[in-house]
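Asker: Sequence and computational prediction follow.
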Amino acid sequence: MVVVYVCPRCERIYKQRKYCIHHDPPIKCTTIELGHSHPPQSSYSIERCSACNGTGVGLYGNRCPGCRGTGEVKVPNPPRRCSACNGTGINAYGSPHQACHGTGWAGGRPL
Ligand SMILES: [Zn+2]
Ligand SMILES: [Zn+2]
Ligand SMILES: [Zn+2]
């Protein structure tokens, strides 16, 4: 079993330190016990929004509906382009593609 320490304020993770020294006074970290072999792994990746290519600007100069203007989206691992809209995030009617939430990534969502 592995124990790590997480600062409740800035959420930094420490392997050995019980206090987060990035604050004055240092903050006592929360102890978290991890399971045996598997290191913590996110099931999502942050990818550049495929619909706007990371610009955050939509097809019509509007705020990109896929990433809500942030240019980044959350995509389940492993990241795959949405095949139905070819990664454009736009359906045949020019509206945000429902299945990929307009992100152009399969299963993608705004952050
Ligand atoms: Zn901290
Ligand atoms: Zn976008
Ligand atoms: Zn799509």
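Answerer: It's in. Ligands and ions are numbered 1, 2, ... in the order given.
Asker: Need the nearest residue in space to Cys85, chain neighbours excluded.
Answerer: Closest residue in space to Cys85, ignoring its immediate chain neighbours: His97 at 4.1 Å, by Cβ to Cβ, 6 or more residues apart in numbering. Bear in mind the C-beta positions are built from the backbone N, C-alpha and C, glycine included.
Asker: dump the residue contacts of that neighbour.
Answerer: Residues counted as contacts of His97 (Cβ atoms under 8 Å, 6 or more residues apart in numbering) are Cys82, Ala84, Cys85, Thr88, Gly89, Ile90, Asn91, Gly104.
Asker: got CSV for those residues, with secondary structure and pLDDT too?
Answerer: Formatted as CSV, those follow (DSSP: H, G, I helix; E, B strand; the rest coil; pLDDT from 0 to 100):
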residue, secondary structure, pLDDT
Cys82, coil, 97
Ala84, coil, 96
Cys85, coil, 96
Thr88, coil, 96
Gly89, coil, 96
Ile90, strand, 94
Asn91, coil, 94
Gly104, coil, 97
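Asker: Among these, the buried ones, what's the PyMOL command?
Answerer: Paste this into PyMOL to select the buried members of the contacts of His97, with burial taken from 16 or more other Cβ atoms under 10 Å:
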select buried, resi 82+85+88+89+90+104
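Asker: For ligand 3, tell me which of the contacts of His97 show up nearby.
Answerer: Cys82, Cys85 (Cβ under 5 Å from the ion).
Asker: Val57: which of the contacts of His97 is nearest?
Answerer: Proximity of these to Val57 (Cβ to Cβ) peaks at Gly89, which lies at 12.3 Å.
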